[in-house]
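K.L.:
Need the 3D shape of this:
(2 chains)
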Amino acid sequence: MMSATITQEDVYHALEQVMDPEIPVLSVIDLGMITGVEITEGQPVLVRMIPTFAACPAVSYIKDNIRTVVEKALGVAVTVEIDKQVHWESNRMTATAKEKLKNFGIAPPPVLEGDVRPEIMLNTPCPHCGSEHTYLRSPFGSTLCRAIHYCKSCGQVFEQFKPLE
Amino acid sequence: MISNAALTDLIIKMADDELIQGHRNSEWTGLGPVMEEDIAFSSMAQDKIGHAWALYRILHENLGGEDPDRFAFMRPENAFKCSHLVEMPNGGYDFSLMRHFLFDHAETVRYESLHNSSFEPFQQLSKKIKGELKYHTLHANAFIMQLSKASEEGYARMQTALNDTIALAAGIFEPSAAHEETLIAEKVYPGEKELYHRWLDRIYPVLVKASLNLPDMNTITPVYGGRQGFHTIHLAPLLKEMGEVFNLDTEASW
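P.N.:
Modelled structure (predicted):
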């Protein structure tokens, strides 16, 4: 068995293969959903995670995916726990994740300095043409984490991953 | 030591409000006046039912309560502590929108107040929910202003909706005769009276921008009773419908 030599780095590396089911270009690492990994001799590897939105319907699916992907990659037993001490905020998303998101056609959330104010939902750069000549059409989109915007320059409706405190 | 009975009472009323309002919002799925509104009410339904679940889970894990699903679907009507506001049928979009505006601002001041609660599980939950609620109130404020300023008909309908919902909404803040003083003294939350005033301070500026007149609150009699288990005729059929699938096989694992 490999278990004796598994490091935290191995686990994080394996976690890069666990994609978000709603945004398949982003991994749970990109999204900042992992809050800790614990390796204790003789026990399953413990992965702690947090959902992006409290009522995200994909959470149990992602939990299962983390377990099966890491178990398969490293050949060890894995337990996944929801971390109640940390809550997800959009600032946890990595810069790479934001770039991938934009290329996927979803506007990334802006970096938050303080609270979310309605103004920051205006003039969101269009992921298709880059124009800031846009307006918020609805703060709710096809999933809880998305809002709908309209670009007046290229005439396209686009979604944004909402900033969250 | 905070009294378990007092905490349980507070959590049940918050959670039941979220669950019932969530179900009312979900009834707009497929029926919204425009597609974005259909999606908005459905998303808010999902959020609210998720918040109810989080609260039932706190009850289950921290206070020895029942399994969240069983608790949500298997209680008799008089064990529910939701306010009459959330029980009301959706009515037209005007009524539903005004209820959403009044309810979501009430929720916002409530969760903000729990940020420093002496009951630790409230602290984390309130931070999470507070951020999400911003989008609910952003949506409500925008539509209240847009519709009130759109036309004479829009204005009249929003003012009527406000007049029709305000006493019900004031009923959200029904204090508990048995537990209110304990919860305030133990610093679990600041109490319903305080939240009521914070809520008025929150809704008033938006109503002014929308040129709507808040009725004189001294002449309004808040609609109480829900928190004590006395409900309108609308709750029983809703509970029956909500629990219909669950009650087909209460032991099934989903």
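
K.L.:
element containing whatever residue of chain B ends up closest to chain A?
P.N.:
Of all residues in chain B, B:Gly50 sits closest to chain A, at 2.0 Å by CB to the nearest CB. Where you see a C-beta, it was placed from the backbone N, CA and C, and this is true even at glycine. In this assignment (DSSP states H and E), B:Gly50 forms part of helix B:35-62.

K.L.:
Only the buried residues of that helix, if you could.
P.N.:
For helix B:35-62, the neighbour count (16 or more other CB atoms under 10 Å in any protein chain shown) marks B:36-60 as buried.

K.L.:
Downstream of that helix, the next helix or strand is which one?
P.N.:
Sequence-wise, the next helix or strand downstream of helix B:35-62 (DSSP H and E) is helix B:68-73.

K.L.:
got the contact list for that next one?
P.N.:
With contact meaning CB atoms under 8 Å, 6 or more residues apart in numbering or on different chains, helix B:68-73 is reached by B:19, B:52-53, B:56-57, B:59-60, B:65, B:242-243, B:246-247, B:250, B:254.

K.L.:
repeat that for 10 Å
P.N.:
For helix B:68-73, contacts defined as CB atoms under 10 Å, 6 or more residues apart in numbering or on different chains pick out B:12, B:15-16, B:19, B:49, B:52-61, B:65-66, B:79-80, B:239, B:242-247, B:250-251, B:254.

K.L.:
mind giving me the domain split of chain A?
P.N.:
A:8-82, A:106-161 (the TED database).

K.L.:
among the ones you listed, which is nearest chain B?
P.N.:
Closest approach to chain B among the domains of chain A is made by domain A:8-82 (2.0 Å; CB to the nearest CB).

K.L.:
Do me a favour and get the end-to-end distance for that closest one?
P.N.:
One end of domain A:8-82 to the other measures 18 Å (CA to CA, to the nearest Å).

K.L.:
for the record, mean pLDDT for that domain?
P.N.:
Per-residue pLDDT values over domain A:8-82 give a mean of 94.

K.L.:
follow-up on the earlier one: now the domains of chain A as JSON lines including distance to A:Ala97 and mean neighbour count?
P.N.:
Shown next, in JSON lines, are the domains of chain A (distance: least, CB to CB, whole Å; neighbours: other CB atoms under 10 Å in any protein chain shown):
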{"stretch": "domain A:8-82", "distance to A:Ala97": "4", "mean neighbour count": "17"}
{"stretch": "domain A:106-161", "distance to A:Ala97": "8", "mean neighbour count": "18"}
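
K.L.:
any chance of those in JSON lines, with distance to chain B too?
P.N.:
JSON lines is the format used below for the domains of chain A (distance: least, CB to the nearest CB, whole Å):
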{"stretch": "domain A:8-82", "distance to chain B": "2"}
{"stretch": "domain A:106-161", "distance to chain B": "4"}
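
K.L.:
Redo these as TSV? Include distance to B:Ile166.
P.N.:
Shown next, in TSV, are the domains of chain A (distance: least, CB to CB, whole Å):
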stretch	distance to B:Ile166
domain A:8-82	29
domain A:106-161	24
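
K.L.:
Show me where the stretch 1-150 of chain B has its helices.
P.N.:
Secondary structure of the stretch 1-150 of chain B by DSSP state H, counting those that start in this stretch: the helices cover B:4-26, B:35-62, B:68-73, B:84-87, B:93-113, B:120-150.

K.L.:
Model confidence for the closest residue to B:Ile220 other than its chain neighbours, exactly?
P.N.:
Nearest residue to B:Ile220 in three dimensions, chain neighbours excluded: B:Ala167, at 5.0 Å (CB to CB, 6 or more residues apart in numbering or on different chains). pLDDT for B:Ala167: 98.

K.L.:
same check, this time on A:Met1
P.N.:
A:Met1 is assigned a predicted lDDT (pLDDT) of 47.

K.L.:
List the contacts of the residue nearest to B:Ile220.
P.N.:
Applying CB under 10 Å, 6+ apart, we find B:Ala167 in contact with B:His84, B:Leu85, B:Pro215, B:Met217, B:Thr219, B:Ile220, B:Thr221, B:Pro222, B:Val223, B:Tyr224.

K.L.:
For it, pull up the helix or strand it's in.
P.N.:
Element membership of B:Ala167, judged by DSSP H and E, is helix B:152-170.

K.L.:
Show the contacting residues for B:Trp133.
P.N.:
Heads up, residue B:133 is Leu, not Trp. B:Leu133 is in contact with B:44, B:47-48, B:51, B:104-105, B:107-112, B:126, counting by CB under 10 Å, 6+ apart.

K.L.:
What of B:Pro76?
P.N.:
The neighbours of B:Pro76, taking CB under 10 Å, 6+ apart as the test, are B:Gly229, B:Ala236, B:Leu239.

K.L.:
The second one looks like it's in a helix, true?
P.N.:
This points to B:Ala236. Yes - using DSSP: H, G, I helix; E, B strand; the rest coil, the secondary structure at B:Ala236 is a helix.

K.L.:
Tell me the pLDDT of the nearest residue to it once chain neighbours are set aside.
P.N.:
Nearest residue to B:Ala236, sequence neighbours excluded (CB to CB, 6+ apart): B:Glu77, at 5.2 Å. Here, the pLDDT recorded for B:Glu77 equals 97.
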